[in-house]
Structures are given as structure tokens and as C-alpha cells.
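S.K.: Predicted model, plus sequence, below.
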Amino acid sequence: GVDVHVVSGDADDAPPAARALLATSREHLGVKDSRKPRWPGYAWSVGVVAVCTGVAWAMVPHFELANIVMAYLLGVVLVAARLGRGPSILASVLSVIAFDFFFVPPFLSFAVSDTQYAVTLVVMLVVGMVISNLAAALRAQARIAGFRETRTAALYAMSRELAAEAGL
């Protein structure tokens with residue numbers, strides 16, 4: 001009492017709703033385009049840290065070092081929100097390195113003379129990592145919500161197409 005129909009063919013021959021459902025399913029399952037380069041996000045991350053260093057350098061005469069750290073954390077937030085976890089982790093690490101090198105005495109050195117700066121650097125790195133993970137989780141949730149919306153629309157369109165068909 002069960003009929004089994006096996007239908008094969010090219011995905012390009014499928015109705016538009018079925019093609020949309022297939023595309024979103026592939027995206028949801030993590031089938032990515034291997035031709036897409038990933039390095040631009042990391043390059044942007046390095047550029048954002050360089051800009052943050054320039055802004056922090058301009059802030060030095062007017063602000064304390066604790067406030068200058070905020071320029072770097074703002075850069076990490078921007079990278080995390082736009083580029084994802086990997087580039088934002090790179091931005092976090094580079095921000096700590098740049099802050100230590102340019103703004104922590106002794107200047108232009110990676111040595112830390114005062115333990116309070118060591119604590120500042122560790123806290124800065126931890127906050128940057130937390131921001132990176134939170135932003136990545138937020139991006140993932142937004143991507144899942146978008147997938148669900150697209151999938152629901154595709155299923156609705158496909159059900160309309162199926163309902164309109166008179167024959168097998």
C-alpha cells in the first residue's frame with residue numbers, strides 16, 4: 001500500500017521553491033563554497049587595530065591609559081560584529097600587543113614594568129575574547145533565524161506549487 005517515487009534530475013530543472021529550499025539546506029548543513037577567500041576578514045582585522053592605534057595615539061595627551069584601552073575594545077567589538085570569531089580573536093590579540101608596545105612603559109618594548117599593566121593586559125585580552133565569542137554566537141543565531149525564515153518561505157512556496165498540480 002505504499003508508493004515510492006524516485007525522481008532524479010538536475011537541480012536547475014527543479015521549481016524555484018525547491019531550488020531555494022535546497023540552497024538554504026546546503027547552507028544550514030555547512031556546505032560552503034570552498035572558493036570563497038577567508039583572508040580579507042583577517043586583513044580587515046589588522047587594519048582596524050592599526051586605526052585603533054592611531055586613534056589611541058591621538059588620545060594620549062587627553063586621556064588616561066584605562067580610557068585608551070576602550071578604543072581597542074571598540075575595534076574588537078566592530079570586528080566581532082562584522083567579521084566573525086576568527087578575525088575578532090586576532091583583533092583582540094593584536095590590540096593587546098599594540099597597547100603594550102606603544103602605550104605601556106617602557107615604551108616601544110614588550111616588557112611590562114608595573115604589575116598593574118600586566119593585569120590590564122590580561123583583562124583586556126579576556127574581555128576581547130568574551131566579546132568575540134558573544135558576537136559570534138549572536139551572528140550564528142541571526143544566521144539560523146534567517147535560514148529558518150528562508151526555509152519556511154521556500155516550504156510555503158513549494159506547498160503552493162504542489163497544491164496547484166493536478167497530476168502526479
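M.R.: Sure, I can see it.
S.K.: List the residues that contact A98.
M.R.: For A98, the contact set (C-beta atoms under 8 Å, 6 or more residues apart in numbering) comprises V49, C52, T53, Y72. All C-beta atoms are positioned from the backbone trio N, CA, C, and that covers glycine.
S.K.: what sits against the most centrally placed residue in the chain?
M.R.: The residue lying closest to the centre of the chain (C-alpha atoms, centre = their mean) is G84, at 1.5 Å. Contact analysis of G84 by C-beta under 8 Å, 6+ apart lists G41, A135, A136, R139.
S.K.: Now tabulate the residues you listed in a markdown table and tack on distance to F147 and pLDDT.
M.R.: Shown next, in a markdown table, are these (distance: C-beta to C-beta, whole Å; pLDDT from 0 to 100):
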| residue | distance to F147 | pLDDT |
| --- | --- | --- |
| G41 | 21 | 86 |
| A135 | 19 | 85 |
| A136 | 16 | 81 |
| R139 | 13 | 83 |
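S.K.: Neighbour-wise, give me the winner out of those.
M.R.: In terms of neighbours by other C-beta atoms under 10 Å, the contacts of G84 top out with A135 at 21 neighbours.
S.K.: same for the helix or strand hosting V51, what does it pack against?
M.R.: Here V51 sits within helix 39-59, counting by DSSP states H and E. Judged by 3 or more C-beta pairs under 8 Å, 6 or more residues apart in numbering; DSSP states H and E, helix 39-59 is in contact with helix 65-83, helix 85-103.
S.K.: re earlier: of the contacts of A98, closest to I97?
M.R.: Checking these against I97 by C-beta to C-beta gives V49 as the nearest, at 8.7 Å.
S.K.: S92 is in contact with the closest one, correct?
M.R.: No. In this structure, V49 is not within contact of S92 by C-beta atoms under 8 Å, at 9.2 Å.
S.K.: Compare the two (neighbour count), which wins?
M.R.: Neighbour tally, V49 and S92, criterion other C-beta under 10 Å: the higher count belongs to S92, 27 against 24.
S.K.: Who are the contact partners of the more buried one?
M.R.: Counting by C-beta under 8 Å, 6+ apart, S92 touches V76, M124, L125, G128, M129, I131, S132.
S.K.: Quick one, which of those are buried?
M.R.: Listed as buried from these are V76, M124, L125, G128, M129, I131, S132; burial here means 16 or more other C-beta atoms under 10 Å.
S.K.: circling back to that earlier point, which two from the contacts of S92 end up farthest apart in space?
M.R.: The span of these, defined through C-beta to C-beta, is set by M124 and S132 at 12.5 Å.
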